Structure formats: C-alpha cells, structure tokens
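**Q** How does the following fold in three dimensions:
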Amino acid sequence: MNDRVPQSKPRGRAPLVTGAEIRRVATTLLVEQGPDAVTLRAIARELGVTAPALYRYYRSLEDLLERLRLDFCADLAEELTAEIATLPDDGVVQFFAICRGFRRWALAHSREFTLVFASPGGGRRPASQRFDEPFARVFLAAAGRILANYDIITPPTDVIPAELRDELVYFQTELLAAVAEAGQKFPAEKLDLGVTYLMIQIWARLYGHVTLEVFGNYPIPLGNPEILFDAMLDDLGRTAGLIAG
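**A** Below is the predicted model:
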C-alpha cells in the first residue's frame, strides 16, 4: 500500500521520490511477496515512476539490495543493543542473549534474514567491511568482554588443520584491525589462533542452527527447536569454559 500523500506536479513531470521511499517499497515487496518480487520495474510501478528514474538513487538492483541488507543489519543491531542494555555487564550473559536475540529476529524476519545472511555475495565482501557493520560490532563487543574477564578454553594450535592456518591468520589480522579502528576495548593479546579458530566454530554452529530452523531443514521434526538451540548454546559455553560443565 502506498502511504505517501500525492503531490501536485506540473504536467509531464515525473513524481518525486526519495531513496527512503524506494527502500520502503522494496522492503514491502520482499516481506510480502518474496525476493523474486523485488525488481526495479515493480518498485517503479508502486511509486508511479519509470524504472530508469530509480537509477538516480541506485546504480542497479544489486546496489539497492545491498543498501537494504545494511538497513536490516542496522535494525537487528539496534534490537540486540536495546536488549543487552538491560542486562548485567557480563560478556557471557550478553553473548548468549545476543545469540538468542539473533535467532528470534531471524525467525520473525525470515526474508530479511535470507537477504542478509543466506544470499550469494555476502561472503565475498572483505572481512574488514563485514566487521565494521553494526551487527558484527555488537558481537565483537560481547566477545571483547568475554576475553577480558574469562579464561577461555581454546583448541590447541596443533589440532588446527594446517590447511586453515593461513586463512585463520588473515581473519585474525582483519579482526584486530577492525577492532582497533572502531576503538573497542578488546584485549588483542588474547586473540591468538586458538581463539580465532574457536570464534569461527561458534559462529558456524550458531548460524547453522538458525539457518536450518528458518528454512525448516531439520532432518527430524522438532516440536520445540528452542530446546535444541539452548542445548547447543550450553554445549558451546561448556566447551569454551564459559559455564560449568
């Protein structure tokens, strides 16, 4: 539904639109009809303009989708930040709250989640760019508090597959650079290769569970997937020495 107040305009002149209006219509199409419905032609039709008029604001549909992705990331980060603001200043408590909040957001916004976290292209962005996004900063802040205040159990470096070491070192370097640039309190000396490896494994398990649940791809029907999710978080906490075994 177009909620704009129609504006009078000279005959023959295209109606004025804004980037925010374009994104609003694109978001509505995405949420209500799915990603295939998000086309420049469909957006232009809803706004009463021609598709070429949208190029004044976005170079391409991919450019528009990237801006939507950033908007959704910011919305998620805002929700998580508001939630952890009410919690004790404890990295573990806040980290688990972030994990649960991430799952709730993904289930409530499955199409936004798909665009942000399950669409091709995201993995090709430079690591430094991904770390600089609001959602990543929320995670990194909690991780920094954990590293500063807990003795984490990490995998011995000799069990890290040799084929992964160069990539982990690159990830570690990019992560430290992003943290330093953001001015976050993050004990860099504790971010060794074992911690880096552990962070990748934690994200893989967290993301894997949420993705399976969002897309309904569990190999068995689960009456209450949240129980399995909480059990997974407990296991991660015990493995890393963050909660008692």
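**Q** which parts of stretch 80-100 are buried?
**A** 80-81, 83-84, 90-92, 94-100 (16 or more other C-beta atoms under 10 Å). All C-beta atoms are positioned from the backbone trio N, CA, C, and that covers glycine.
**Q** Not counting stretch 105-118 itself, show me its contacts.
**A** Residues outside stretch 105-118 that contact it (C-beta atoms under 8 Å, 6 or more residues apart in numbering) are 30-31, 34-35, 65, 68-69, 72-73, 75-76, 79-80, 122, 207, 210-211, 213-215.
**Q** okay, the buried residues of stretch 80-100 in a markdown table with distance to residue 57 next?
**A** A markdown table is the format used below for the buried residues of stretch 80-100 (distance: C-beta to C-beta, whole Å):
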| residue | distance to residue 57 |
| --- | --- |
| 80 | 29 |
| 81 | 28 |
| 83 | 33 |
| 84 | 34 |
| 90 | 43 |
| 91 | 40 |
| 92 | 43 |
| 94 | 37 |
| 95 | 38 |
| 96 | 40 |
| 97 | 37 |
| 98 | 33 |
| 99 | 36 |
| 100 | 36 |
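**Q** quick one: pLDDT of the closest residue to residue 147 other than its chain neighbours?
**A** With sequence-adjacent residues excluded and distances taken as C-beta to C-beta, 6 or more residues apart in numbering, residue 147 is closest to residue 190, at 4.6 Å. As predicted, residue 190 sits at a pLDDT of 84.
**Q** can you check the one 10 residues further on too?
**A** Model confidence at residue 200, expressed as pLDDT, equals 91.
**Q** element containing it?
**A** Applying DSSP states H and E as the criterion places residue 200 in helix 193-214.
**Q** got the CA coordinates for that helix in PDB?
**A** The C-alpha coordinates for helix 193-214 follow below in PDB (Å, rounded to 0.1, in the frame of the first residue of the first chain):
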ATOM      1  CA  LEU A 193      45.000 -18.500  16.700                       C
ATOM      2  CA  GLY A 194      43.100 -20.800  19.000                       C
ATOM      3  CA  VAL A 195      40.600 -18.200  20.000                       C
ATOM      4  CA  THR A 196      40.200 -17.200  16.300                       C
ATOM      5  CA  TYR A 197      39.500 -20.900  15.400                       C
ATOM      6  CA  LEU A 198      37.000 -21.100  18.300                       C
ATOM      7  CA  MET A 199      35.200 -18.000  17.100                       C
ATOM      8  CA  ILE A 200      34.800 -19.400  13.600                       C
ATOM      9  CA  GLN A 201      33.400 -22.700  15.100                       C
ATOM     10  CA  ILE A 202      31.000 -20.900  17.400                       C
ATOM     11  CA  TRP A 203      29.600 -18.800  14.500                       C
ATOM     12  CA  ALA A 204      29.300 -21.900  12.200                       C
ATOM     13  CA  ARG A 205      27.200 -23.700  14.800                       C
ATOM     14  CA  LEU A 206      25.100 -20.700  15.700                       C
ATOM     15  CA  TYR A 207      24.500 -19.800  12.100                       C
ATOM     16  CA  GLY A 208      23.900 -23.400  11.100                       C
ATOM     17  CA  HIS A 209      21.200 -24.000  13.700                       C
ATOM     18  CA  VAL A 210      19.400 -20.800  12.900                       C
ATOM     19  CA  THR A 211      19.500 -21.400   9.200                       C
ATOM     20  CA  LEU A 212      18.200 -24.900   9.500                       C
ATOM     21  CA  GLU A 213      15.300 -23.600  11.700                       C
ATOM     22  CA  VAL A 214      14.500 -20.600   9.400                       C
END
